[in-house]
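Pasting the sequence and the predicted coordinates here, then a few questions.
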Amino acid sequence: MPFKNKEARLMLMVGAMVAMLAAVLVELGNPANMGLCIVCFLRDTSGALGLHRAGVVQYIRPEIIGISLGAFIMAFSRREFRSRGGSAPFTRFILGIFVVIGALVFLGCPLRMVLRLANGDLNALLGLVGFVAGIFSGVFFLNRGFTLKRTYASVNLEGYLFPALQLVFLVLLVVSPAFIFFSAEGPGSMKAPLIIALVAGVLVGAGAQRSRLCMSGGIRDAILFKDPHLLYGFMGIFAVSLLANLILGNFTLGFTGQPVAHNDGLWNFLGMMLTGFGAVLLGGCPLRQLILGAEGNMDSVITIMGMYVGTAISHNFGLAASGAGVPLNGKVAVMIGFAVVLTIGVLNSEYISIFKVKGDANLGTHSS
């Protein structure tokens with residue numbers, strides 16, 4: 001019990017730190033209610049690299065670079081960096097695509113969902129209900145033996161490639177060559193000073209690596225194991241963010257007039273349900289995938305690459321929502337996403353595995 005109390009205190013402190021840094025980033029220039037949003041910032045970065053041409057959301061976000069490098073430094077210093085992979089990488093790539101499609105229909109990752117809620121955006125409450133419903137859907141399959149199989153050790157060089165890529169992005173951000181795109185208006189043009197955003201990201205990455213902070217993991221563990229300690233991260237983020245918004249005069253309660261948000265309740269619910277469902281099958285939310293990738297988990301790196309592609313698909317094919325609402329293409333994509341994620345859940349559950357073993361045995365092909 002004392003150990004669990006220590007874990008709870010750590011989670012609260014890291015959550016509080018994340019909330020304070022998010023508030024500071026908004027005050028210094030990041031979009032309102034978007035001090036930290038993993039999916040939004042991956043989208044901005046993919047736009048800067050030319051993967052999509054939505055001119056208002058293009059900027060290499062230093063927060064993503066900082067989170068990745070902070071987690072890498074913390075993992076390496078604590079001897080927790082291990083290069084590994086091989087756990088259904090392409091399945092994870094596909095799941096990563098649909099996790100962000102759902103998030104961009106909601107307009108935010110699970111972290112931004114909590115920050116929006118703390119700002120008084122009641123649309124995020126519907127998103128939270130959907131997120132929990134998605135996690136319950138994922139837990140349903142976990143309880144039936146869902147697995148993407150084990151990972152295998154690989155050469156350390158492969159694990160170092162993801163942090164190295166972040167350093168390349170940092171160079172591109174600083175040098176700003178002509179082939180990199182930067183927004184002149186819209187959310188992509190709103191940014192905190194580079195050094196401050198980078199340092200904030202490093203602190204968030206280090207804290208999240210040390211505490212195992214995960215938006216979906218907290219609810220999943222509370223359901224599966226009756227272990228609520230990861231939820232303290234949620235609580236710390238919400239409480240401190242709410243206090244900061246009240247002090248700074250940024251709290252606005254309601255469904256309408258919220259920054260970078262829409263008030264279509266059904267699709268706020270369904271978008272985050274898809275995100276929660278996919279995150280549980282992946283073993284972590286977008287923030288957690290960044291942390292795992294920085295620790296040397298190449299399966300999480302593949303997932304992140306899927307997320308980059310998912311953000312590009314969302315904007316190239318008109319799937320992403322806006323303040324005006326959710327386009328028809330986005331609604332269709334979410335429904336396709338549910339079909340794909342459900343199929344992945346079924347095909348990787350113990351029922352299918354048992355069927356295959358019986359079939360092999362009946363055919364006389366079961367190896368000795």
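Done, it's in.

name the element the closest residue to residue 184 other than its chain neighbours belongs to?
Counting by Cβ to Cβ, 6 or more residues apart in numbering, residue 55 is the residue found nearest to residue 184 once chain neighbours are left out, at 7.4 Å. Where C-beta positions appear, they are placed from N, C-alpha and C, glycine not excepted. Following DSSP states H and E, one finds residue 55 outside all helices and strands.

quick one: contacts for residue 55?
181, 183, 184, 185, 186, 188 (Cβ atoms under 8 Å, 6 or more residues apart in numbering).

what do you get for residue 157?
Contacts here follow Cβ under 8 Å, 6+ apart; on that basis residue 157 touches residue 83.

confidence score at residue 351?
At residue 351, the model reports a pLDDT of 65.

scratch that, residue 154 is what I was asking about
Reported pLDDT for residue 154: 89.

That one against residue 298, yeah?
Yes. Contact criterion Cβ atoms under 8 Å: residue 154 and residue 298 qualify, at 6.7 Å.

where do the contact lists of those two overlap?
Both residue 154 and residue 298 are in contact with 83, 84, 85, 86, where contact means Cβ under 8 Å, 6+ apart.

List buried residues within those.
Among the shared contacts of residue 154 and residue 298, those scoring as buried are 83, 84, 85 (criterion: 16 or more other Cβ atoms under 10 Å).

For residue 239, state which of those is nearest.
residue 84 (35.6 Å; Cβ to Cβ).

Rounded mean pLDDT for stretch 96-107, please.
pLDDT averaged over stretch 96-107 gives 98.

I should have written stretch 310-329 there, sorry.
Rounded mean pLDDT across stretch 310-329 is 97.

got it, and stretch 253-266?
95.

Kindly report the same for stretch 32-43.
96.

which among the contacts of residue 55 end up buried?
Buried, going by 16+ other Cβ under 10 Å: 181, 183, 186, 188, out of the contacts of residue 55.

JSON lines please, covering the buried ones among the shared contacts of residue 154 and residue 298 and showing distance to residue 42 and secondary structure.
Putting those into JSON lines (distance: Cβ to Cβ, whole Å; DSSP: H, G, I helix; E, B strand; the rest coil) gives the following:
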{"residue": "83", "distance to residue 42": "23", "secondary structure": "coil"}
{"residue": "84", "distance to residue 42": "23", "secondary structure": "strand"}
{"residue": "85", "distance to residue 42": "20", "secondary structure": "strand"}
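
Residue 155: what's it in contact with?
Counting by Cβ under 8 Å, 6+ apart, residue 155 makes contact with residue 83.

Just give me the longest helix of this structure.
helix 2-27 (DSSP state H).

which other helices and strands contact the next helix or strand after that one?
Sequence order places helix 38-48 as the next helix or strand after helix 2-27, per DSSP H and E. With contacts defined as 3 or more Cβ pairs under 8 Å, 6 or more residues apart in numbering; DSSP states H and E, helix 38-48 has these neighbours: helix 62-77, helix 89-106, helix 110-118, helix 286-294, helix 298-316.

what's the angle from the fourth one to helix 110-118?
Read it as helix 286-294. Counting by axes from the mean of the first three to the mean of the last three Cα atoms, to 10 degrees, helix 286-294 lies at 150 degrees to helix 110-118.

now helix 286-294 and helix 89-106, what's the angle there?
150 degrees.

Quick one: residues in contact with helix 286-294.
By Cβ under 8 Å, 6+ apart, helix 286-294 touches 38-39, 42, 64, 67-72, 75, 96, 99-100, 103, 109-111, 162-163, 205, 208-209, 212-217, 279, 282-284, 299-301, 303-304, 307.

from the middle of its chain, how far away would it be?
8 Å (Cα atoms, centre = their mean, to the nearest Å).

Also stretch 328-341?
18 Å.

where does residue 318 sit relative to residue 260, distance-wise?
17 Å (Cβ to Cβ, to the nearest Å).

Give me the more crowded residue out of those two.
Remark: of residue 318 and residue 260, residue 260 carries more neighbours, 22 against 13, as counted by other Cβ atoms under 10 Å.

from memory that one sits against residue 320, does it?
No. Using Cβ under 8 Å, residue 260 makes no contact with residue 320, being 11.0 Å away.

Output the helices and strands packed on helix 38-48 as TSV; include the columns distance to residue 335.
Below are the helices and strands packed on helix 38-48 laid out as TSV (distance: least, Cβ to Cβ, whole Å):
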stretch	distance to residue 335
helix 62-77	29
helix 89-106	11
helix 110-118	21
helix 286-294	21
helix 298-316	15
